[in-house]
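J.: test case, fold it:
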Amino acid sequence: MARKAKSTKPAGATSKAPKKRLHAELENDDPNQQQTILPPEPCTPTKQTGGRSGAEVEYSAKKTRKRTSAPTTAPALRSPGLLSRSSHANTLSSRGLPPKAQKVIRENEADHQVENMLCANIPEILQQARPHDEPRSELAIATSEYICADLEWRISKDPNQRVLRLRKRAKGKQPDTATSTTNDDSKLAALLNSMGIAAANESSAELEGKLAAEFSEFQPWVFLSASSGKQNERQSYPWIQHFHLYIAHLIRHYLGSVQYGENPATASPRLLLPYKRTDTKYKGSDDDTRADIGLVSRSVGANVAMVDGSAYYNEVFAVTEVKASSGPPRAASTADSGIDTSQLDGDTKQAFKQLFLYSRQVFAEQPDRRFMWGITICDNHIRACVLTSSGALASHEMDITTAKGRCDYIRLLVNWCLCDWHQLGFDPSVRYCESERGNGYWEIDVPQMATGDAGMESAGSRYETQTYTITGACMAADHLFGRHTRCFVATPKQSTGNQGKVLIKDSWSYLGRHQVQERSGELGEIAFLTKINQMVDEHPEFAGTVPRLEDGGIVRLDVNGHLEIDSVETVLGDLCRHLPKHSSDYAYTHVRLAMTPVGTRLRELRSVAELVVVISDALQAHKAVLDHCQILHRDISENNIMFTRSSNNIHGMLIDFDNAVDANAARNRSGPVCTGTLPFMSVNNLRKAKVPRTAVDDMESILYLLIWLGVWGITTEHRKQTHDKETQLIEWNMDVGMAIRNKRLTMSSESNLKDLLNDFYTPPVSELGSTPQAQAERTSVIKEYNFLKKLVLEMRKVIFDNPNIPDNARGTEKRPNSKPTMPISDEDFIDDMVKELGLSSILSSEGEKQEPVDSFEERANPEVARKIHEDVVRLLRACADQIRSMS
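T.: Numbers count the residues shown, from 1 in each chain. You can find the predicted model right below:
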């Protein structure tokens, strides 16, 4: 993609491949450390700061790299250049899971996604890449027709094709007829001539030699038949690679001089070239999965050849997953349009599963990726797939052994080479640029606040943006479906006044489709933050404990001259009807916010005392937001509580109101919901209990967070020593059912919780030495963690055994409902009599019996929740006040 703001090259000019690959090298001695949200000072164009506790990121010149559609190609910075994405094994919320367990979890998740998030056999999906404007659409059609004709002409001349036709006739079958018996390019040449486009300066003989060579390499693929027997997966890799090179040669020859204008997103066609390495682990991957074949974008004037060297997730356009069927090649499926995956064969499901595993890596590594294209190939059958936040849609089977299947796939490839950049899934509002010195940097456009009412977009308001220069990043979109949240640290490109660093949050919010269509309605987190900021203005004591919204709104894209809201509905149009049922009434909509202050993650804390102060501040903000704004957070985790430090003072901050809800809204009272991060989710949340989510759920999450940090360590040095620790805490992150059972059991009594607290971090003697000073330091650390243990025990009492709440709301298990009121002596007497007589029931008649009550559900009572909320906040505030008074 062209990252320059304006092209200065004349039509027909081409550029040499850039000589540098911007490659991030992190200077960090902690292999278990995550990226921080607060990098050092904003970098210059020659340096950028990664997300790890002040580690500088140096860009070294390594290997040629381009991902562009323009003749002047700038290397696309891999996401770790902004953000060094820690491996999944090293993230705090994944602690305790060995690599094999993490692999199983991801594979199970991919299996679930294939079964529930994918709809197949949708031929219309191929039209999503058709160029929007008429001239390019005509050019794509003419180019596709000529390439199809050329290929069919070659096939008709091949002796293998004649043998196949004779076999089909002998069996009484109609042979597959070629679409053309000539490779005459006069029709395409006439169209190019009318558009003022000249073919590349190479002789017909030279082009024919290249095409013939490529055809000879992939012809076994187009001649596959039932008599070919079972295929080897690796055997088909070169066939697929050379097929794409054949297409690229023709695109380069005929469209190499095409120029559409100065818009970087449409400056010229592009080539899609395969990596030379197959079945390889891509750079930027946080696991050991190996992708089969990757396609990357190059300028139309680039040399047509396989891309040598390492494969990078940050530059790949589409990943191709190849499977060899368990039997011989078969005919293409004739299943109905829009089938669910229950009708797909096992090989096809496995191909989609692998494609999903690779695609999540692409979303994490490419900061400008909105949605993805992917390809599955099972023997002779090709499917194209679009993966969006709301779900995945796959095409029908394109059989490479038939003229129709070949032409369908060729049309798709040509459309990919000619369409707008945003149709490939990229975001034109996130741009890679080069300074005059040739140094690379990223820019991002943030919608300015709407001029209408707070939290609402005015239908007549103008769409204006503020451009920011990204100086670092702190969160990657590490999931295949959902919000795709990314966070960047940035400064305004045109600073005015005292504007400094901001945190930019880029995500896809789950908004009602009617809100998007009407261009109105609450914008989720924007509306909440607007309301919260108004509260802070009235109560300045909470300033700095919640984010302040500087800019924000729905992202819009220029689609063929018209500004369109960037949403899944805009991407898929009428095809949204094929999305999973739970997405049918909603559309993920692209929202971007700029906020201050920029905080630091909890892992950068230096002591237990700092942790307690930060948690206390965040809880006071939580209570103020609930009391004054009626907004319930619902997503307490280690990522959503931050801190800021000034001189010797430290302050906590509650962030990320993307999952927040109006505490009084009907949607909070009806239907089960499940939001949050698995290890920190409350029991009611985990089991999707049909009761309202309340502040108690968030208080439970705080308790689990403190336990989690206590076991794995508060500081960086402590976490280094717990990386391979064996603890029952692993069950909190393995499975929802296991997490529910373990949390119920652990919180059922103080003694059970103490068993878990024995896993709290304890500094080994060998780490600190035997000097008096080292012993004193070790003793001090032990005292701090013992204090945290006492705080956790007290919080358990407040939440689960609070004497100020009804008996039914205490504990963790279901219990019989309260008995009718009577003198205690009489009750004891009746109980003794029942036991003596061997009766199984007590007191009441059949009509007086009551169902057992669930203490977790009882704590969802508004009055009970309010009391527990107040007591937890009061407890933490008392501890924090004492710590502050001693410092």
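J.: residues of the longest helix along the chain that come out buried?
T.: Using DSSP state H to define each element, the chain has its longest helix at helix 772-800. Neighbour-count burial for helix 772-800, counted by 16 or more other Cβ atoms under 10 Å, picks out 778, 781, 784-785, 788-789, 791-792, 795-796, 798-800. The C-beta positions use only the backbone N, C-alpha and C, and glycine is treated the same way.
J.: counting by contacts, list what that helix packs against.
T.: On a contact count with 3 or more Cβ pairs under 8 Å, 6 or more residues apart in numbering; DSSP states H and E, helix 772-800 meets helix 608-629, helix 695-712, helix 736-747, helix 750-757, helix 765-768, helix 862-886.
J.: alpha carbons only: can I get the fourth one in CSV?
T.: Taking only C-alpha atoms (Å, rounded to 0.1, in the frame of the first residue of the first chain), the coordinates of helix 750-757 have been written out as CSV:
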residue,chain,number,x,y,z
GLU,A,750,-11.5,-19.1,54.8
SER,A,751,-9.5,-22.3,55.1
ASN,A,752,-10.0,-23.2,51.5
LEU,A,753,-8.8,-19.7,50.5
LYS,A,754,-5.8,-20.0,52.7
ASP,A,755,-4.8,-23.1,50.8
LEU,A,756,-4.6,-21.1,47.7
LEU,A,757,-2.9,-18.2,49.4
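J.: buried residues in that helix?
T.: Quick answer for helix 750-757 (16+ other Cβ under 10 Å): 752-753, 756-757.
J.: L272 falls within a strand, correct?
T.: Yes: L272: assigned to a strand according to DSSP: H, G, I helix; E, B strand; the rest coil.
J.: mind checking pLDDT for it?
T.: Per-residue pLDDT puts L272 at 96.
J.: could you do H723 as well?
T.: For H723, the model assigns a pLDDT of 77.
J.: residue numbering should commence at 47 henceforth.
T.: In the new numbering, first residue 47, that becomes H769.
J.: where does it sit: helix, strand or coil?
T.: Applying three-state DSSP: H769 is coil.
J.: neighbours of it, how many?
T.: 14 (other Cβ atoms under 10 Å).
J.: could I get the phi/psi values of it?
T.: Phi and psi for H769, reported as degrees, to the nearest 10, are phi -60, psi -40.
J.: distance of it from P144?
T.: Computed as Cβ to Cβ, to the nearest Å, the H769 to P144 distance reads 11 Å.
J.: then S436?
T.: 33 Å.
J.: of the two, who's got more company?
T.: S436 (26 against 12).
J.: check which helix or strand the more buried one maps to.
T.: Counting by DSSP states H and E, there is no helix or strand that carries S436.
J.: phi, psi of it?
T.: The phi/psi pair for S436 (degrees, to the nearest 10) is phi -90, psi -20.
J.: that one against R529, yeah?
T.: No: S436 is not in contact with R529 according to Cβ atoms under 8 Å; the separation is 10.9 Å.
J.: about what we covered before: quick check: the farthest pair among the buried residues of helix 818-846?
T.: R824 and F846 (32.8 Å; Cβ to Cβ).
J.: residues contacting R529?
T.: Going by Cβ atoms under 8 Å, 6 or more residues apart in numbering, R529 touches 435, 553-556, 634, 704.
J.: how close does it sit to V535?
T.: 19 Å.
J.: low pLDDT regions in the stretch 47-196 of the chain?
T.: Applying pLDDT under 70 to the stretch 47-196 of the chain flags the ranges 47-142.
J.: from I682, how far out is A924?
T.: As judged by Cβ to Cβ, A924 and I682 stand 20 Å apart.
J.: export the buried residues of helix 796-803 to JSON lines and tack on pLDDT and distance to L390?
T.: Shown next, in JSON lines, are the buried residues of helix 796-803 (pLDDT from 0 to 100; distance: Cβ to Cβ, whole Å):
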{"residue": "N798", "pLDDT": "95", "distance to L390": "46"}
{"residue": "L799", "pLDDT": "96", "distance to L390": "47"}
{"residue": "L802", "pLDDT": "95", "distance to L390": "44"}
{"residue": "L803", "pLDDT": "96", "distance to L390": "49"}
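J.: closest one to I446 out of those residues, please.
T.: Closest to I446, out of all of the buried residues of helix 796-803 and judged by Cβ to Cβ, is L802, at 57.0 Å.
J.: residues near the residue nearest to the closest one when sequence neighbours are not counted, how many?
T.: Excluding the flanking residues, the one nearest L802 by Cβ to Cβ, 6 or more residues apart in numbering is T792, at 5.4 Å. For T792, the count of nearby residues is 22 (other Cβ under 10 Å).
J.: next: K450.
T.: Neighbours around K450, by other Cβ under 10 Å: 13.
J.: cool, and E180?
T.: Neighbour tally, E180, other Cβ under 10 Å: 9.
J.: looking at this, F534 is in a strand?
T.: Yes: under three-state DSSP, F534 falls within a strand.
J.: how about the contacts made by it?
T.: By Cβ under 8 Å, 6+ apart, the residues touching F534 are 128, 413, 488, 490, 514, 516, 518-520, 549-550, 552.
J.: quick one: which of those residues sit in strands?
T.: Counting by DSSP state E, the contacts of F534 place 488, 490, 514, 516, 518-520, 549-550, 552 in strands.
J.: now render the residues you listed as a markdown table, adding neighbour count.
T.: Output for those, formatted as a markdown table (neighbours: other Cβ atoms under 10 Å):
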| residue | neighbour count |
| --- | --- |
| W488 | 23 |
| I490 | 24 |
| Y514 | 27 |
| I516 | 25 |
| G518 | 29 |
| A519 | 29 |
| C520 | 27 |
| L549 | 23 |
| I550 | 23 |
| D552 | 25 |
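J.: can you map out the strands along the stretch 297-446 of the chain?
T.: For the stretch 297-446 of the chain, strands defined by DSSP state E, counting those that start in this stretch occupy the ranges 316-320, 339-345, 362-369, 385-386, 418-424, 427-433, 438-440, 444-445.
J.: can you give me the helices for the stretch 547-696 of the chain?
T.: Secondary structure of the stretch 547-696 of the chain (DSSP state H, counting those that start in this stretch): helices located at 559-563, 571-584, 614-618, 654-675.
J.: would you turn the buried residues of helix 818-846 into a markdown table with distance to L732 and pLDDT?
T.: Below are the buried residues of helix 818-846 laid out as a markdown table (distance: Cβ to Cβ, whole Å; pLDDT from 0 to 100):
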| residue | distance to L732 | pLDDT |
| --- | --- | --- |
| R824 | 37 | 88 |
| V827 | 33 | 92 |
| E830 | 30 | 94 |
| Y831 | 27 | 96 |
| L834 | 24 | 96 |
| K835 | 24 | 96 |
| L837 | 24 | 96 |
| V838 | 19 | 97 |
| M841 | 19 | 96 |
| R842 | 18 | 96 |
| V844 | 21 | 95 |
| I845 | 15 | 96 |
| F846 | 16 | 95 |
